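[1] sequence isn't available, so here's the structure alone:
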């Protein structure tokens, strides 16, 4: 029984990651009706950018080479408050960098294809994905990079934080689940309550009509391509911290699974993506614990195929008839 | 006058009649295709080029198969390599069982089960998923490709021998029938060096034969009822369905024919390489085939062939020349070329989609579909029946 609960908690952690990535897919799909295949690579790059900022803001070896970093690093090394600030800074900076990268990709790879047949942007996205993966492979590293402090320990505690009924929960898990829930709540509020969110919803319903009503379509789409990758970057850093390493090809499998999550919830539907992420995380975690670890990816893919066959609109999505 | 009448009855005939120039060009190309491998094989130190041609030929086969799915039916299949893997594994597993009886005929006999394995997989996958929209289909096929690879890698049902690959350590694949005889009997001296009709020469002509058969079949299909249904479906699914095209059946045909062709390419690959492992059937391989079709020109047979030559041939050629010491390339530059080619392909796919979505050698019809905002097409669409009746101009003549 405690094993079951433990696997469920692992699943929720994993689900938080999937949900964060899935939001990126669902946002873009909701507005442009395209699968941003490169989103998985942005998640991966998020992990790398996070590692970069962690080194710049926290690694004494870097400060030795660039002395102007010393006072900044000293501030972040100052107790629990400093560490919390370090985390906030790393996540925020990485999210901004990756978000801007997402906007650049939209500008050059997708915007010229906005009126092309639907296959064209998808192929272009696959091209972007291959390009980004190989750019990291060639220009950063082809090997796994450790995602740890200089002394080899994890950034956030992987040790047990507390035990309930024989089930141990680590600080890392609380951190991941808490932050992802917070971000999802923030995004949901943004989209449903603010003026800009209303513009996004309008654009997703009917792009041309929204444009006629005074919505700056290009701005809304660019913003979408900022928010999605920014959330993906957060997931990328979590992923790096949780598993202790990053590699250039780490985006592919979580990317497909997050897409599965978005489809399970009903693609284009934000709350659906969150629900789908957590559901898929739990299913996968239980399946790997009770059926077979070697087939965990297969199980996720089978879930995808089954959902698409029996409920292509997803759990929360409405059944949309093909437009003529 | 008789000429005019003939035109009226069957306009196709006159269109198809080849000019003397075309005949000459095509004969020269055919002669080159037959003679070139002999020259490569004879000149000392260049025999590896024949090998490269064989591998490129297998990619041409694969791309021709995927071209049916992507180019003709307009369905993006990102897991095409799964059918290739099914063909290869079916051919080798079954081939090892029957080879004591069939001997040199094993490969030839295995073409059928491999093709069937490919087609059966295609139907099994296609039946549930083909009603999905285009982009969902792409993701599901991708997932399917990965499932197949993971199953093979985990030695599913004890058949695939896991990551080690097939045939098992103590076994070998039987060389197909006339190849040994040819190697023993066709050997002579040339001014450049001794010529031996080695296995690569044999495979070159086998693959060439398979490509020719595939092209003939595809051409006939394109002219058939099925081919026209594919065009209609690709251009507008709803309109096609409303004039009586059974969308699901036509898609299933495209999917299974493409898969069948992939299965044949797979078993050929297995017997050429004498070895298969899940490593050869990754997602990147699927991307390569898609890349070939997209860059070459969706729906265009010459485009697909040129695409395979560029994407698989050029890097292999550079690598081969450097290994053979013909071109003096330092090891670093060589590994940079192998590494950077993916980067370049990724970039090429993006640029091609923006600039020339119809590919290098486009099929005419496909080019028009992909450029709906092309001036001529717009003019045609703007010319209404009223214009035609009242201003006495035909569509597109403005």
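    Structure received. No experiment lies behind these values; they were computed from the predicted model shown.
[2] centroid residue for chain B?
    Taking C-alpha atoms, centre = their mean, the centroid of chain B lies closest to residue B:63, which sits 2.1 Å from it.
[3] which element, helix or strand, includes that one?
    Following DSSP states H and E, one finds residue B:63 within helix B:48-67.
[4] the stretch 51-200 of chain B: strands as residue ranges?
    Applying DSSP state E, counting those that start in this stretch to the stretch 51-200 of chain B gives strands spanning B:187-189, B:194-196.
[5] of all those, which lies closest to residue B:58?
    strand B:194-196 (22.1 Å; C-beta to C-beta). C-beta: built from backbone N, CA, C; applies to glycine.
[6] so what does that closest one touch, helix or strand wise?
    Counting contacts by 3 or more C-beta pairs under 8 Å, 6 or more residues apart in numbering or on different chains; DSSP states H and E, strand B:194-196 is packed against helix B:20-42, strand B:187-189.
[7] before we move on, back to that, closest one to residue B:28 among the strands of the stretch 51-200 of chain B?
    Ranking the strands of the stretch 51-200 of chain B by proximity to residue B:28 (C-beta to C-beta) places strand B:194-196 first, at 22.6 Å.
[8] that closest one: partners in the sheet, and parallel or antiparallel?
    In the sheet, strand B:194-196 lines up against strand B:187-189 (antiparallel) (DSSP bridges).
[9] near chain A, which residues of the stretch 101-250 of chain B show up?
    Within reach of chain A by C-beta under 8 Å from any C-beta of the partner chain, the stretch 101-250 of chain B has these residues: B:128-129, B:132-136, B:138-140, B:142-144, B:146-147, B:150-151, B:154, B:237-238.
[10] try 7 Å
    For the stretch 101-250 of chain B, the contact set with chain A under C-beta under 7 Å from any C-beta of the partner chain comprises B:128-129, B:132, B:134-136, B:138-140, B:142-143, B:146-147, B:150-151, B:154, B:238.
[11] just the buried residues of those residues.
    With burial judged by 16 or more other C-beta atoms under 10 Å in any protein chain shown, the buried subset of those is B:129, B:132, B:135-136, B:138-140, B:142-143, B:146-147, B:150-151, B:154.
[12] which of these fall in helices?
    Those of these mapping onto helices are B:129, B:135-136, B:138-140, B:142-143, B:146-147, B:150-151, per DSSP state H.
[13] which elements pack onto the helix-or-strand element of chain A with minimal mean pLDDT?
    None of the helices or strands of chain A scores lower by mean pLDDT, DSSP states H and E than strand A:160-164, at a mean of 73. Helices and strands touching strand A:160-164, by 3 or more C-beta pairs under 7 Å, 6 or more residues apart in numbering or on different chains; DSSP states H and E, are strand A:167-170.
[14] tell me what the strand it packs on is packed against?
    If you count contacts as 3+ C-beta pairs under 7 Å, 6+ apart, strand A:167-170 packs onto helix A:2-32, strand A:160-164.
[15] okay, those, which one's buried deepest?
    Mean neighbours per residue, mean count of other C-beta atoms under 10 Å in any protein chain shown, is largest over the helices and strands packed on strand A:167-170 for helix A:2-32, with a mean of 24.
[16] and the angle from the next helix or strand after that one to helix A:2-32?
    Sequence order places helix A:39-58 as the next helix or strand after helix A:2-32, per DSSP H and E. Between helix A:39-58 and helix A:2-32, the angle comes out at 110 degrees (axes from the mean of the first three to the mean of the last three C-alpha atoms, to 10 degrees).
[17] now do the buried residues in helix A:39-58.
    Using 16+ other C-beta under 10 Å as the test for burial, helix A:39-58 gives A:39-54, A:56-58.
[18] now stretch A:207-221
    For stretch A:207-221, the neighbour count (16+ other C-beta under 10 Å) marks A:207, A:210, A:215, A:217, A:220-221 as buried.
[19] what's the first-to-last distance across that stretch?
    10 Å (C-alpha to C-alpha, to the nearest Å).
[20] quick check: residue A:59 vs chain B, distance?
    Distance, residue A:59 to chain B, using C-beta to the nearest C-beta, to the nearest Å: 28 Å.
[21] just the pLDDT for that residue.
    Looking at residue A:59, its pLDDT stands at 81.
[22] phi, psi of it?
    phi -100, psi 110 (degrees, to the nearest 10).
[23] show me where chain A has its strands.
    Assigned by DSSP state E, chain A shows strands spanning A:145-146, A:160-164, A:167-170, A:245-246.
[24] strand partners of the second one, parallel vs antiparallel please.
    Counting by DSSP bridges, the strands paired with strand A:160-164 are strand A:167-170 (antiparallel).
[25] make CSV out of the helices and strands packed on strand A:167-170 and add distance to residue A:199.
    Converted to CSV, the helices and strands packed on strand A:167-170 look like this (distance: least, C-beta to C-beta, whole Å):
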stretch, distance to residue A:199
helix A:2-32, 10
strand A:160-164, 41
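[26] quick one: which of those is nearest residue B:80?
    With C-beta to C-beta as the criterion, residue B:80 lies closest to helix A:2-32 of those, at 23.0 Å.
[27] quick one: mean pLDDT for that closest one?
    The average pLDDT within helix A:2-32 is 90.
[28] kind regards, and thank you for your time.
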